[in-house]
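Sequence unavailable; structure follows:
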């Protein structure tokens, strides 16, 4: 399995959620927004490696993401580290804030 | 050990907690509610694989769960991934919200 | 290394924190309170296996703990699972609440 | 890889964030503050082993850190434990508070 980071969205509401993801780096300007829709009463599982519009996220570069939604959603961020024989799973729930 | 996901409930209150679990998927309608009671001043450990009413939760399908309770409880969600020789444990505390 | 659970306390305040820990189980009455003091401007690292007053916490029995303090503290709960060759570390920050 | 602890900062705001880190121990006075700047719209990844001013953080001594910032930031704290053949990753999001 390739190392990857993924975000799992839960939209438990009755209306679709329109998501904007902005990705921040240490030494360059942020990129984004990446646009996603999480349908009403659905989950969505997104690998960051698969985000390509407006541009692919650089590999092997640490980054952080800001996730904005027009409907309250829950986001769980997971990293699978397969650099070693035994995979390490790391998961955090996104830190919520109001703009 | 089989891979599984489990939820641990803590009801530190003096009255029983009646729990509704709704499970959401990426490509189908949510299922539930699954009904549980966490007695006053007790914990409850539930494997999602064991939830069968109204229907078993599909295996190998990503899902997220919404947990509602009539008494404040704390929920810790744990995933044991035994697909590899070394188990990976992953745990998050449920994201709290008021409806 | 033996499997164990531990709680790390941070008391960043200028006064000592008096801590009460109550431990809850699935099928028996809660035990406690266990009493600890976290001095002002200090951390404290406590293994649950070492709590003996009013009684030792049963081994191999799932439990949850309620931690009360007269001064705001931060608690990080860590589980080291050494049942397998590769240890798994699991950590959560205690869920905060006001009584 | 050496075992280490690191903090990842995200400053999604339009102004630089000035950070003060105070490190607390079990049996000695806190040290710090360590001073960092997280530029506007950037992340910063800091290994605690690299903090040397006002003094290096003692190795093999448990500690906790208090992080203060003049701009809202998100902090993710990661520990890589390489004492065993399979690395364990452990991550928590800092507990937020208002002074």
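Nice, I can see it. Since the structure is predicted, the reported quantities are computational estimates derived from the model, not experimental observations.

contacts and neighbour counts: CA atoms only from here.
Noted.

Quick check, pLDDT for residue A:59.
If you check residue A:59, the pLDDT there is 79.

For it, give me its contacts.
Residue A:59 makes contact with residue A:49 under the criterion Cα atoms under 8 Å, 6 or more residues apart in numbering or on different chains.

Distance of it relative to residue D:10?
From residue A:59 across to residue D:10, the span is 19 Å (Cα to Cα, to the nearest Å).

And for residue A:12?
27 Å.

for residue A:18, same thing?
23 Å.

cool, residue A:48 as well?
Separation of residue A:48 from residue D:10 (Cα to Cα): 17 Å.

Specify which residue of the two has the higher count of neighbours.
Comparing residue A:48 with residue D:10 by other Cα atoms under 10 Å in any protein chain shown, the one with more neighbours is residue D:10, at 27 against 16.

Secondary structure element holding the more buried one?
Following DSSP states H and E, one finds residue D:10 within strand D:4-11.

That strand close to chain C?
No: judged by Cα under 8 Å from any Cα of the partner chain, strand D:4-11 and chain C are separated, with a smallest distance of 14.0 Å.

in that strand, what counts as buried?
Residues of strand D:4-11 classed as buried by neighbour count (16 or more other Cα atoms under 10 Å in any protein chain shown): D:5, D:6, D:7, D:8, D:9, D:10, D:11.

mind listing what the residue in chain A that chain D sits nearest to touches?
In chain A, the residue that lies nearest chain D is residue A:26 (4.6 Å; Cα to the nearest Cα). Counting by Cα under 8 Å, 6+ apart, residue A:26 touches A:62, A:63, D:42, D:43, D:44, D:45.

Residue A:66 now?
Counted by Cα under 8 Å, 6+ apart, residue A:66 has contacts A:21, A:22, A:23, A:24, D:12.

do residue A:21 as well
A:32, A:33, A:34, A:35, A:65, A:66, A:67, A:68.

Now flag whichever of the buried residues of strand D:4-11 is closest to residue C:53.
Closest approach to residue C:53 among the buried residues of strand D:4-11 (Cα to Cα): residue D:5, at 33.7 Å.

Between the two ends of stretch A:52-67, how far is it?
This stretch, stretch A:52-67, spans 16 Å end to end (Cα to Cα).

May I see the buried residues of it?
Under the neighbour-count criterion of 16+ other Cα under 10 Å, stretch A:52-67 has A:57, A:63, A:64, A:65, A:66, A:67 buried.

next one: stretch A:39-54
Residues of stretch A:39-54 classed as buried: A:39, A:40, A:41, A:42, A:43, A:44, A:45, A:48, A:51 (neighbour count, 16+ other Cα under 10 Å).

List the residues that contact the second one.
With contact set as Cα under 8 Å, 6+ apart, residue A:40 has these partners: A:11, A:12, A:13, A:14, A:15, A:16, A:17.

List the ones among the residues you listed that fall in strands.
Using DSSP state E, A:11, A:17 are the members of the contacts of residue A:40 that sit in strands.

any idea how far the spatially most central residue of chain A lies from residue A:52?
Taking Cα atoms, centre = their mean as the criterion, residue A:7 is the residue nearest the geometric centre of chain A, at 4.0 Å. Computed with Cα to Cα, the distance linking residue A:7 and residue A:52 is 15 Å.

Helix or strand with the lowest mean pLDDT in chain A?
Lowest on mean pLDDT, DSSP states H and E among the helices and strands of chain A sits strand A:88-93, with a mean of 45.

Grab the nearest non-local neighbour of residue A:10.
Closest residue to residue A:10 apart from its sequence neighbours, by Cα to Cα, 6 or more residues apart in numbering or on different chains: residue A:43 at 4.5 Å.

Could you check how far the one you found is from residue A:5?
Distance, residue A:43 to residue A:5, by Cα to Cα: 17 Å.

Now do the contacts for residue A:39.
A:11, A:15, A:16, A:17.

typo on my end, it should be residue A:8
Applying Cα under 8 Å, 6+ apart to residue A:8 gives the contacts A:43, A:44, A:45, A:46, A:75, A:76, A:77, A:78.

again, 6 Å this time
The contact partners of residue A:8, by Cα atoms under 6 Å, 6 or more residues apart in numbering or on different chains, come to A:44, A:45, A:75, A:76.

Now tell me which of those residues the prediction trusts least.
Among those, residue A:76 has the lowest pLDDT, at 80.

part of a strand, is it?
Yes: per DSSP: H, G, I helix; E, B strand; the rest coil, residue A:76 lies within a strand segment.

mind checking pLDDT for residue A:1?
At residue A:1, the model reports a pLDDT of 48.

One more: residue A:22?
92.

How about the secondary structure of it?
strand.

Same question for residue A:49.
What three-state DSSP gives for residue A:49 is helix.

Count the neighbours of residue A:19 for me.
19.

and the helix or strand that contains it, which strands flank it?
Element membership for residue A:19, per DSSP H and E: strand A:17-25. Within its sheet, strand A:17-25 is paired with strand A:31-38 (antiparallel), strand A:63-69 (antiparallel), according to DSSP bridges.

Lowest mean pLDDT across the ones you listed, which one is that?
Among the strands paired with strand A:17-25, strand A:63-69 carries the lowest mean pLDDT (a mean of 87).

what's the angle between it and strand D:4-11?
For strand A:63-69 against strand D:4-11, the angle by axes from the mean of the first three to the mean of the last three Cα atoms, to 10 degrees is 40 degrees.

residue in chain A nearest to chain B?
Nearest residue of chain A to chain B (Cα to the nearest Cα) works out as residue A:43 at 4.6 Å.

And the pLDDT for that residue?
pLDDT recorded at residue A:43 is 94.

elements contacting the helix or strand harbouring it?
Applying DSSP H and E as the criterion places residue A:43 in strand A:42-47. Judged by 3 or more Cα pairs under 6 Å, 6 or more residues apart in numbering or on different chains; DSSP states H and E, strand A:42-47 is in contact with strand A:4-11, strand B:17-25.

Who does it pair with, and is each partner parallel or antiparallel?
Short version: by DSSP bridges, strand A:42-47 pairs with strand A:4-11 (antiparallel).

Please work out the average pLDDT along the partner strand.
Average pLDDT, strand A:4-11: 85.
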